[in-house]
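**Student:** just to be clear, the model below is a prediction. Sequence and coordinates:
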Amino acid sequence: MPLSNLNPEQYQAATTTHPYNLIIAGAGTGKTSTIVARIAYLLQQGVDPKKILLLTFTNKAAQEMIGRVEKRFSLKAKEIEAGTFHAISYRWLKESNPKLVLKPPKDLLQLFESVYQERKFLGFNNKPYAASTLFELYSLYQNSEFNLSFGEWLAKRSPEQEEFKEIIDDMIQEYEEIKEEYGFLSFNDLLLKATQLKDKKEFVEVLVDEYQDTNNLQAKFLESLKFNSLFCVGDYDQSIYAFNGANIEIIANFKYTYPNAKIFNLSKNYRSTSYILSLANKVISNNKRLYPKKLEVMRKEKPIPPKLLVFDTLSTQYEEIAKLIKSSPTPKSQIAILFRNNSSAEGIEVALKKQGISCKRRGGNSFFTLREVKAVFDLVSILLHPQDVISFLNILEYAQGIGKNRAKEIFDGLITCGEGDLKKGLIDPLPLENPFKKKARNPQLALFDDLVQLKSKKAINPVLLHPHLTPEGEIFILELRRLFLEVSSISNPQKFLKFLFDSKIIETISIKLAKQRARLKDGLIDSIKFQQNLGKIEGRFRLLLNLTKDYKDIHRFYNAIVLGSSEISQGEGVELLTVHASKGLEFEEVYVIDLMEERFPNLKLASRDGSLEEERRLFYVAVTRAKKILYLSYAKRDVAKKKTFTPSRFLKEAGFKVG
DNA sequence: GTGTGTGCCGTTTTT
DNA sequence: CGGCACACAC
């Protein structure tokens, strides 16, 4: 019974009848239980589950909560609309326009860069930002600003960029037009477009988890919803997404935004021991307080004091911690190693392996950004969305002798032959003599080109007449044609991928990558390494096949991966996480490593646009993941990089005598 | 103009 | 590992 296990504070919140509710839930105060109980309460009151919307920060959090509701209300739980802001938006948008293509940020950056490169930034006093910087800032802008143009917003933020205002706005306009033309959507577009949807469903209640990390765009999305009541849960001390536009004012101003808002406070901490909690509180009290908050420790057993570990070098830190973990009686799945920057992960992972300890790593960039894995998704995307130039170019560039420009020429040629449709261009092309736009300034040369092309008769596809097409490029195009013809009947993702893995394209790509990775200093290829690499690549393909198991439809699989690939974790055992990824989780035993000035707090960021307070909140989140045992550690030197470190200021704030 | 190979650089956090 | 600059080949 979800409701009967609650304490009075939680119960009050879970059974509220007010329209606007904010639940301030400090670390470990049973936030998830309260949300689950709230949903149970609504269902008990006879609310139609379809009219409950649960918005979370990760898909995993949504699944976990729904899973817990399921134990009590098995059928109804599945009907609740639950997911991240992005996943929900995508679901709604797809209903009205099935042709939309969700693209990963990296692909869109490629497009952004190509638009950027065509602009001439000449004759100015300052240097414009690099394309990648602008791309990131544009994302931040989309998440936080709705009145100014991007150029204006940028000029306000960085006055020296003022002179580029017009050129940047013009560039953005072109970038947006291209995205529109091809139907590409970014993560931000999901929310922007879903916010504008008319005739949205009406909800009885909307629940928002991790409310402190809401940004202006998400707030706007919430405003666009129709509902009877709102149930927001958060803790301002755990707001750690400022870089993504998270606006702490939103939670701070809740009572002004929503008249007659009711604020509940959950103050009983069930997670951590008194030592851990008081350490966390000591540090966070250095931040300006929005309003007083005191957590009451509910764990009664004799606590173990948090321990500071000091090491001479980075590598001894990793090695010694691995040894400590090896000898720890805590079950490995209840141990987590947390770090500020992903760059800490590799060292510790290697050290654990050396001790024979298996680990689980999240923030799956590692797997899904592998080139062979990316290639599979590019190929899937081409087949599912024939208008996807970006993926087409990515794939075609694997063919020997084809680079960016020729790939684009071929794509345009196929589009011309297909009267705007790539699939038609491949399968049933117009029999054009020269599908390629002639840049020729010399008409005679162009004529000559045509004559040469006419010599190769009986081409299946006019595009194969491209003057620079290599045999391998030809194979790619013919193979793609075959895939289009044969794959259309397959919707099962496992069959779909198996089919792709047998294709000539995937074979060529695998061989190319395996060779690249087996190349020795002298340029020769180590054949043993080559075979091993091929094996590794095939292993990754098998892993991908395994991932398809939970999905019935290839479209769904593709979308789920783009939306949630970073949540998929690999392996079993000790968890290796960034502090950001650890949000909402808890472990018996926690190691927070690499606690050095510059690294944690990350001073580069704190001085730029983040703040030291945000870094401090990150530290607070990190230590409050621990239930019973907490280790904090730092190293004095990095031997490889010849750097010396000073211990993190947070250690001093926590009461340790350091430096 | 276009593609390929080599050497050197740095590396924030997420949907 | 990926991005970038550079030299070299067609």
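**Tutor:** Here it is on my side, so go on.
**Student:** tell me, please, the helix or strand in chain A that averages the lowest pLDDT.
**Tutor:** Within chain A, judged by mean pLDDT, DSSP states H and E, the helix or strand with the poorest mean is helix A:443-455; its value is a mean of 36.
**Student:** helices or strands next to the helix or strand just after that one in the packing?
**Tutor:** On the C-terminal side of helix A:443-455, the nearest following helix or strand under DSSP states H and E is helix A:471-487. Helices and strands in packing contact with helix A:471-487 are listed as helix A:371-384, helix A:389-396, helix A:404-417, helix A:422-427, helix A:493-501, helix A:504-517; criterion 3 or more C-beta pairs under 8 Å, 6 or more residues apart in numbering; DSSP states H and E. Quick note: C-beta positions are derived from backbone N, CA and C, even for glycine.
**Student:** how far off centre is the shortest one?
**Tutor:** Read that as helix A:422-427. If you compare the mean C-alpha spot of helix A:422-427 with that of the full chain, they lie 33 Å apart, counting by C-alpha atoms, centre = their mean, to the nearest Å.
**Student:** try the second one
**Tutor:** Helix A:389-396 sits 22 Å away from the centroid of its parent chain (C-alpha atoms, centre = their mean).
**Student:** now swap in the last one and tell me
**Tutor:** Its chain's average C-alpha position is 27 Å from that of helix A:504-517, according to C-alpha atoms, centre = their mean.
**Student:** that helix and DNA strand B in contact?
**Tutor:** No. Counting by C-beta under 7 Å from any atom of the strand, DNA strand B is not contacted by helix A:504-517; separation bottoms out at 8.0 Å.
**Student:** pull the very next helix or strand once past that helix out as CSV, backbone CA atoms only.
**Tutor:** Sequence-wise, the next helix or strand downstream of helix A:504-517 (DSSP H and E) is helix A:527-547. Only the C-alpha atoms of helix A:527-547 are listed here, as CSV (Å, rounded to 0.1, in the frame of the first residue of the first chain):
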residue,chain,number,x,y,z
SER,A,527,47.0,-8.6,-39.3
ILE,A,528,46.5,-10.1,-35.9
LYS,A,529,45.3,-6.8,-34.5
PHE,A,530,43.1,-6.4,-37.6
GLN,A,531,41.3,-9.7,-36.9
GLN,A,532,40.9,-8.8,-33.2
ASN,A,533,39.4,-5.5,-34.2
LEU,A,534,37.0,-7.1,-36.6
GLY,A,535,36.0,-9.4,-33.7
LYS,A,536,35.4,-6.5,-31.4
ILE,A,537,33.3,-4.7,-34.0
GLU,A,538,31.2,-7.8,-34.5
GLY,A,539,30.8,-8.1,-30.7
ARG,A,540,29.4,-4.6,-30.7
PHE,A,541,26.9,-5.5,-33.4
ARG,A,542,25.8,-8.5,-31.3
LEU,A,543,25.4,-6.1,-28.4
LEU,A,544,23.2,-3.9,-30.5
LEU,A,545,21.1,-6.9,-31.5
ASN,A,546,20.6,-7.6,-27.9
LEU,A,547,19.4,-4.1,-27.2
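**Student:** buried sites along the next helix or strand after helix A:527-547?
**Tutor:** Tracing the chain past helix A:527-547, the next element assigned as helix or strand by DSSP H and E is helix A:554-564. Residues of helix A:554-564 classed as buried under the neighbour-count rule (16 or more other C-beta atoms under 10 Å) are A:554-555, A:557-564.
**Student:** for stretch A:86-101, same thing?
**Tutor:** By neighbour count on 16+ other C-beta under 10 Å, the buried set for stretch A:86-101 is A:86-90, A:92-93, A:100-101.
**Student:** mind listing what the residue in chain A that DNA strand C sits nearest to touches?
**Tutor:** Of the residues in chain A, the one nearest DNA strand C is A:Arg371, at a distance of 4.9 Å by C-beta to the nearest atom of the strand. By C-beta atoms under 8 Å, 6 or more residues apart in numbering, the residues touching A:Arg371 are A:Leu513.
**Student:** list the contacts of stretch A:120-140.
**Tutor:** Surrounding stretch A:120-140, the residues in contact under the criterion C-beta under 8 Å, 6+ apart are A:105, A:108-109, A:112-113, A:116-117, A:150, A:154, A:157, A:160-161, A:163-164, A:167-168, A:172, A:186-188, A:243-245.
**Student:** need the mean per-residue confidence for stretch A:496-512.
**Tutor:** On average, the pLDDT along stretch A:496-512 is 90.
**Student:** quick one: that stretch near DNA strand C?
**Tutor:** No. Where contact is defined by C-beta under 7 Å from any atom of the strand, no part of stretch A:496-512 touches DNA strand C; the two come within 11.5 Å at best.
**Student:** and that stretch, end to end?
**Tutor:** 23 Å (C-alpha to C-alpha, to the nearest Å).
**Student:** contacts for it, please.
**Tutor:** Everything outside stretch A:496-512 that qualifies as a contact, by C-beta under 8 Å, 6+ apart, is A:372, A:375-376, A:379-380, A:395, A:398-399, A:472, A:475-476, A:479-480, A:482-483, A:486-487, A:490, A:534, A:537-538, A:541, A:544-545, A:548, A:554.
**Student:** 6 Å instead, please
**Tutor:** Surrounding stretch A:496-512, the residues in contact under the criterion C-beta atoms under 6 Å, 6 or more residues apart in numbering are A:375, A:379, A:398, A:475-476, A:479, A:490, A:537, A:541, A:545, A:554.
**Student:** so which of the residues you listed wins on neighbours?
**Tutor:** Going through those with other C-beta atoms under 10 Å as the criterion, the one with the most neighbours is A:Phe476, at 26 neighbours.
**Student:** A:Ser344 reaches A:Leu595, doesn't it?
**Tutor:** No. Between A:Ser344 and A:Leu595 no contact is recorded; they are 10.4 Å apart, counting by C-beta atoms under 6 Å.
**Student:** so between the two, which is more surrounded?
**Tutor:** Using other C-beta under 10 Å as the criterion, A:Ser344 and A:Leu595 rank with A:Leu595 on top: 28 against 21.
**Student:** now that one: how far from A:Val579?
**Tutor:** Distance from A:Leu595 to A:Val579, counting by C-beta to C-beta, to the nearest Å: 11 Å.
**Student:** returning to what we had before: which ones among the buried residues of stretch A:86-101 are found in strands?
**Tutor:** Of these, the ones assigned to strands by DSSP state E are A:Val101.
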